[in-house]
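Chemist: just coords:
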């Protein structure tokens, strides 16, 4: 079984072990397609409404949010995109959240910490963008393999939990030779036939993880749902979603990166056509990005608002420009609403006197480091880190 | 029909004109009780879950949120308390939001403005506490009449819409003799037998309304639900909920206050036993307030977090103190999470080394004006504006 393209395969090359088994069409392994009998619409996790998402690859764990649901300063939980590389653990893991354990290592006093213990520690609340590494993948011209996201694999949410650093401190601080990473392991049960290297595990730079990392217990004021990683999820604000390991079962300060494919081979940025290698850059910090959330489709002529969202994992947003003529001219937009902090997105608006005709609208954000969205992003084999302004432009018919 | 105690009466002294008719028990008019046959559990609006609320007076429009659902920085929409003095308009008013009209007067060019027009105006987003005037009413010792709220008639939400001032400006600015108020009228259909003075209408000081008032189209990033006043609600951040007129049908700058009972007689603060009069203070700006959201009930001994929320309509929160011994001693709590602006609540936490036994936990907030929560609030006939720290204290058993 090739390990190179887990996204294209979905995760369905073993048994599903779930009620939805048999209700899916799957494209597996070397590309052979298995058409299972579709007896009913695939059930989405957590009671999510299929009408709110674009379900890619007929996989209920590849749910793209709609642009019109990205207009809020905070994205409602039931409108947040969903992506899982492995089947969800059974929902029963949420029956007794407090009893869930996280094995913590690379500290002076390694041991299993329960969620119940985390709930009694100093709380932290951070608003941050959650975005899939492959958000925008469908725009890459070479047809990058993986979930074909437009802009909908992103949301702005409020995480609450405890600092990773506080947990490490409570266990006596870091202990080990040459510690450089925080490695988090997910609690998914591997389907039959999957080898151990298919596990969900990520290693992130220790310095950033200790400065900003959270063990999140809540999203948007409610206990984390299963699809979003409950009972506890590792969140590194400003980093791509894959680093935010769900259902965290183990957390360790380590000298080396994890040996799983998700760390060694996947999520590596490389030129188109090149093979993966661990010395290529891994998908950590998100780049500066923005897109239009309205108007979409058609609108009546006259004064209206062009709206959108903008963020950067590197630094706060400095400004956003909007074009209504496909990039020929640009005007500065106004940031709208309270600033939720450097890892959150800003919503913006630009007043536009729209004349009848066809118009191409796009936005271009600049962060405080001076990074500006390019017209076209760096091309790369797996279609990661898309932040070009032209591809997600919207064409609007003004009548 | 007495107009003095609309809360005690519920709104059910005429026909319901709703599907829920016959499913309620109502206490009407001069105090006579009408026991309608209860054929089924009363349906809550917008598909809200009865398990998430305390349903007071068997009225699906008197829904108190649970304390444990007030822990978030932003309250999820489906956990926000609901209060309506009149039956909801038919849900069909949301079928075509853009077509809903608001008649705007007291301006140079008075006319009906559609929600569609508002959607094309400059947007604003403000986080603000929504709180019923009678939140805490059940704590008043004289048994104030009205919905017997504890702390659950409050939420922190994100409103999006347009500034009232921008609408007024677009219509040529204020025009009229001695304009002093902004008067908003709700779109409820009066039940048969209700006189015109029962209408939902409020007048708020014009200066504040033009400085801060919003015509809100969204709550928490989604179009306003019916129970929360969709398609458009007047919101005056920092003011009590009654001023936030739902389903706004008319909005006018006026020289005088509305003549309806909701303005003239209800929502007036007066000594216990005294009758209502229009020269008594009206329920406008919210006072400084806080309460504990956890722990609740029982907890194991050891280090844990005392959490809560704090806000003031008058000025930002300066500090919060917590007592774990019923007020004998106080310690400063830490404010947690981003500051969403002066009208939003802050969440706070205080680390507590809890010993076995029974403990009384309470919080006391101070705002930047120097206002401090009193131990016991000013007593008043209708049980408004409760902000005492002692009554909402929680008793916790530590084992």
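Modeler: All right, it came through fine. What you see is a predicted model, and the numbers here were worked out from it, not measured in a lab. Numbers count the residues shown, from 1 in each chain, chains lettered A, B, ... in the order given.
Chemist: what about stretch A:110-129, start to end distance?
Modeler: 31 Å (Cα to Cα, to the nearest Å).
Chemist: buried residues, it. List them.
Modeler: Within stretch A:110-129, the residues that qualify as buried are A:110, A:113-115, A:117-121, A:123-129, counting by 16 or more other Cβ atoms under 10 Å in any protein chain shown. Using the backbone N, CA and C atoms, a C-beta is placed for each residue, glycine as well.
Chemist: residue B:287: which of the residues you listed is nearest?
Modeler: residue A:125 (25.1 Å; Cβ to Cβ).
Chemist: what packs against the helix or strand that contains the closest one?
Modeler: In this structure, residue A:125 sits in strand A:124-131 according to DSSP states H and E. Contacts defined by 3 or more Cβ pairs under 8 Å, 6 or more residues apart in numbering or on different chains; DSSP states H and E place strand A:124-131 against strand A:154-163.
Chemist: recalculate using a threshold of 10 Å.
Modeler: The elements that strand A:124-131 packs onto, with contact taken as 3 or more Cβ pairs under 10 Å, 6 or more residues apart in numbering or on different chains; DSSP states H and E, are strand A:154-163, helix A:164-170, helix A:206-212, strand A:214-219, strand A:233-235, strand A:302-311, strand B:334-336, strand B:346-354.
Chemist: please identify the most buried of those.
Modeler: Among the helices and strands packed on strand A:124-131, strand A:233-235 has the highest mean neighbour count (mean count of other Cβ atoms under 10 Å in any protein chain shown), at a mean of 27.
Chemist: any idea how far residue A:164 lies from residue B:191?
Modeler: 57 Å (Cβ to Cβ, to the nearest Å).
Chemist: can you give me the domain assignment for chain A?
Modeler: A:6-264, A:289-398 (automatic domain parsing).
Chemist: which residues of the stretch 1-150 of chain A score low on pLDDT?
Modeler: A:1-42 (pLDDT under 70).
Chemist: and the residue of the stretch 201-350 of chain A closest to chain B?
Modeler: Nearest residue of the stretch 201-350 of chain A to chain B (Cβ to the nearest Cβ) works out as residue A:221 at 1.9 Å.
Chemist: no wait, the stretch 51-200 of chain A
Modeler: For the stretch 51-200 of chain A, Cβ to the nearest Cβ, closest residue to chain B: residue A:72, 1.9 Å.
Chemist: what kind of secondary structure is that residue in?
Modeler: Of the three states, residue A:72 takes coil under DSSP: H, G, I helix; E, B strand; the rest coil.
Chemist: OK, contacts around it?
Modeler: A:79, A:155-156, A:293, A:309, A:337, A:345, A:347, B:125, B:158, B:160, B:218-222 (Cβ atoms under 10 Å, 6 or more residues apart in numbering or on different chains).
Chemist: between those, which is nearest residue B:330?
Modeler: Residue B:330 has its nearest neighbour among the contacts of residue A:72 in residue B:158, at 31.6 Å by Cβ to Cβ.
Chemist: tell me what that closest one is bridged to.
Modeler: Note on residue B:158: beta-bridge partners by DSSP bridges are residue B:127.
Chemist: residue A:274 contacts residue A:381, doesn't it?
Modeler: Yes: with contact defined as Cβ atoms under 10 Å, residue A:274 counts as touching residue A:381 (5.9 Å).
Chemist: what residues are shared contacts of those two?
Modeler: Counting by Cβ under 10 Å, 6+ apart, the contacts common to residue A:274 and residue A:381 are A:268, A:280.
Chemist: more neighbours, these two?
Modeler: Just comparing residue A:274 and residue A:381: by other Cβ atoms under 10 Å in any protein chain shown the higher neighbour count belongs to residue A:381, 20 against 11.
Chemist: what distance do you get for that one to chain B?
Modeler: Taking Cβ to the nearest Cβ, to the nearest Å as the measure, residue A:381 falls 35 Å from chain B.
Chemist: show me what contacts that residue?
Modeler: Taking Cβ under 10 Å, 6+ apart, we find residue A:381 in contact with A:4, A:140, A:142, A:144-145, A:268-276, A:280.
Chemist: do residue A:338 as well
Modeler: Residues near residue A:338 by Cβ under 10 Å, 6+ apart: A:73, A:127, A:344, A:346, B:125-127, B:158, B:338-342, B:344.
Chemist: also residue A:99?
Modeler: Counted by Cβ under 10 Å, 6+ apart, residue A:99 has contacts A:93, A:114-116, A:231.
Chemist: and the nearest residue to residue A:341 once chain neighbours are set aside, what helix or strand is that in?
Modeler: Nearest residue to residue A:341, sequence neighbours excluded (Cβ to Cβ, 6 or more residues apart in numbering or on different chains): residue B:338, at 4.8 Å. Using DSSP H and E, residue B:338 sits within no helix or strand.
Chemist: same thing with residue A:251?
Modeler: Per DSSP H and E: residue A:251 is located in strand A:248-254.
Chemist: which elements pack onto that strand?
Modeler: On a contact count with 3+ Cβ pairs under 10 Å, 6+ apart, strand A:248-254 meets strand A:101-105, strand A:111-114, helix A:164-170, strand A:181-186, strand A:201-205, helix A:206-212, strand A:214-219, strand A:233-235.
Chemist: residues from the stretch 1-150 of chain A in reach of chain B?
Modeler: Residues of the stretch 1-150 of chain A lying close to chain B by Cβ under 10 Å from any Cβ of the partner chain are A:69-79, A:116-117, A:119-127.
Chemist: ok, residue A:238 touching residue A:342?
Modeler: Yes: counting by Cβ under 10 Å, residue A:342 is a contact partner of residue A:238 at 7.6 Å.
Chemist: what touches both of the two?
Modeler: Among the neighbours of residue A:238, those also in contact with residue A:342 (Cβ under 10 Å, 6+ apart) are A:126, A:128, A:212, A:311-315.
Chemist: break down the stretch 1-150 of chain A into its helices, ranges please.
Modeler: Assigned by DSSP state H, counting those that start in this stretch, the helices in the stretch 1-150 of chain A fall at A:6-9, A:115-118.
Chemist: who touches residue A:135 in this structure?
Modeler: Listed by Cβ under 10 Å, 6+ apart, the contact partners of residue A:135 are A:64, A:81, A:83, A:129, A:147, A:149-154, A:240-241, A:286, A:289, A:291, A:383-387, A:392.
Chemist: same question for residue A:139.
Modeler: Applying Cβ under 10 Å, 6+ apart, the residues near residue A:139 are A:148-151, A:376-377, A:383, A:386, A:388, A:390-392.
Chemist: just the buried subset of these, written out for ChimeraX, thanks.
Modeler: This is how ChimeraX selects the buried members of those, with burial counted by 16+ other Cβ under 10 Å:
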select /A:148,149,150,151,377,383,386,388,390,391,392
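Chemist: okay, the contacts of residue A:139 in a markdown table with secondary structure next?
Modeler: Conversion of the contacts of residue A:139 to a markdown table gives the following (three-state DSSP):
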| residue | secondary structure |
| --- | --- |
| A:148 | coil |
| A:149 | coil |
| A:150 | coil |
| A:151 | coil |
| A:376 | coil |
| A:377 | coil |
| A:383 | coil |
| A:386 | coil |
| A:388 | coil |
| A:390 | coil |
| A:391 | coil |
| A:392 | coil |
